[in-house]
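Chemist: need a 3D model of the sequence below.
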Amino acid sequence: MKTLYLDCGMGAAGDMLTAALLELIPEPDVFIKELNALGIPDVTFIKESSVKCGITGTHIRVMVNGVEETEHLHDHHHEHENNDTETHEHGSNAEEAHAHAHEHGNGKHHHSGMQQIEQIITGLHVPENVEKDVLAVYALIAEAESHAHGVPVSEIHFHEVGTMDAIADITAVCMLMDKLLPDKVIVSPIHVGSGHVKCAHGILPVPAPATAYILRDVPIYGGGIKGELCTPTGAALLKHFAAQFGNMPIMRVSAIGYGMGAKDFATANCVRAMLGETMEEDNSILELSCNVDDMTAEAVGFAMEILFDGGALDVYTVPIGMKKSRPGILLRIICNEQDKEKMISLIFRHTTTLGIRETISRRYTLEREIKTLETPYGTLREKTSFGYGVTRSKLEYDDLARIAKEKGISMEEVKRLIEDIK
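Modeler: Modelled structure (predicted):
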């Protein structure tokens, strides 16, 4: 499976993602020319080499009327002395955290609403699927800004320079994804930074409200680095394209890209993109376990049925001795990672446990196929398993049991009858 893994140990911004993905394609300079020919109003992309902590990568500058957004917005920061405060410039732009509800009577700067932004996006010369991706990403940002400012999406207005810059970053990433065409995108837990950030409205906590809203249900963490490491545009792009958030899978890496931010930190300020091949089927599974000593056998059995119905791959119990010499059971559930939250909810709802343990395991399975056999005794299903130099077959229990009941004979007699006619 063609897999793209994005290492966001230093967060992500739109320009950093663009630069990282750009290093994965064979002709990056040709792609920059394509971007500059799209017709994004007053926007020019500039690709340049950048070195962070001894690592060489690519930095993308997005110029709007010859001005980078951070250059423009520095004039509008409220000046506060705070050692825990950083300017909003992790990448080369301040992005959509400066979006705000329309201020009537302020004619100093031009602002764009979602309708104007959609008109700009639909007017670009990009494939239809890219256009849909761009609109979907911007919709995530608009929803987040609407929630942060407490006004409907229709009343959210974005600063003109920030709007063009964000459209440029989002379009570039969506086009690169279209060129790379990964089967699956996996994103690491996202480092969002810490402290506070200056923006057009004043000082905001990190992550900024819009970023925090977009990253709901996504694994994020802070740390000792002061400043904004993940911007709203970066968050929205990751949320839209990621099929999974977690550790890097076992993969054969064929290309690596480093997308550099503008600022310097003790840690290399970059997004690392790794493109390669992973197994067709993810062989990682979760084992969720809990101990109970105050449930009846019937209640445990019912809980097991519910867990199986909810998608558990396997559920079983083991007798154990618990504190105060009480006999109890170990309930273990095996499930896919994407079903974890659902399984945890079901365990707490249908058992009396107060805590659940999680273990990540790898499993190795045989390929399986089911054949249908037509016999004088009715239709039978036969499951064949193969792989690792092994092939084995087994008749489906339910079908054997049905024939045994209908004929009034034992299961072993049914098996012999079937073997005689196979």
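Chemist: any low-confidence regions in the stretch 301-422 of the chain?
Modeler: The stretch 301-422 of the chain contains residues with pLDDT under 70 at 422.
Chemist: can you show me the strands along it?
Modeler: Secondary structure of the stretch 301-422 of the chain (DSSP state E, counting those that start in this stretch): strands at 314-321, 327-335, 357-362, 367-375, 378-387, 390-395.
Chemist: got the buried residues for the second one?
Modeler: With burial defined by 16 or more other CB atoms under 10 Å, the residues of strand 327-335 counted as buried are 328-329, 331-335. Yep, even glycine has a C-beta here, placed from its N, CA and C like the rest.
Chemist: list just the nearest of the residues you listed to residue 386.
Modeler: Nearest to residue 386 among these, counting by CB to CB, is residue 334 at 22.2 Å.
Chemist: beta-bridge partners for that closest one, please?
Modeler: On the basis of DSSP bridges, residue 334 is bridged to residue 287, residue 314.
Chemist: ok, back up a step: got a markdown table for the strands of the stretch 301-422 of the chain, with distance to residue 116 too?
Modeler: A markdown table is the format used below for the strands of the stretch 301-422 of the chain (distance: least, CB to CB, whole Å):
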| stretch | distance to residue 116 |
| --- | --- |
| strand 314-321 | 54 |
| strand 327-335 | 46 |
| strand 357-362 | 47 |
| strand 367-375 | 53 |
| strand 378-387 | 57 |
| strand 390-395 | 63 |
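Chemist: for those strands, which one sits closest to residue 57?
Modeler: Using CB to CB, these put strand 357-362 closest to residue 57, at 31.0 Å.
Chemist: that closest one - contacts with which helices or strands?
Modeler: Strand 357-362 sits against strand 284-292, with contacts defined as 3 or more CB pairs under 8 Å, 6 or more residues apart in numbering; DSSP states H and E.
Chemist: who's in contact with the strand it packs on?
Modeler: Under the contact criterion CB atoms under 8 Å, 6 or more residues apart in numbering, strand 284-292 has outside partners 249, 300, 313, 320, 322, 328-337, 340, 343-344, 347, 351-353, 355-363.
Chemist: filter the residues you listed to the buried ones?
Modeler: By neighbour count, with 16+ other CB under 10 Å, the contacts of strand 284-292 hold 249, 300, 328-329, 331-335, 343-344, 347, 351, 353, 356 as buried.
Chemist: so which residue is dead centre in this structure?
Modeler: The chain has residue 242 as the residue nearest its centroid, 3.3 Å off, counting by CA atoms, centre = their mean.
Chemist: on that earlier part again, and which of the buried residues of strand 327-335 is nearest to residue 404?
Modeler: Closest approach to residue 404 among the buried residues of strand 327-335 (CB to CB): residue 334, at 30.4 Å.
Chemist: test my guess that the closest one contacts residue 311.
Modeler: No - here residue 334 does not reach residue 311: they are 10.8 Å apart, not a contact under CB atoms under 8 Å.
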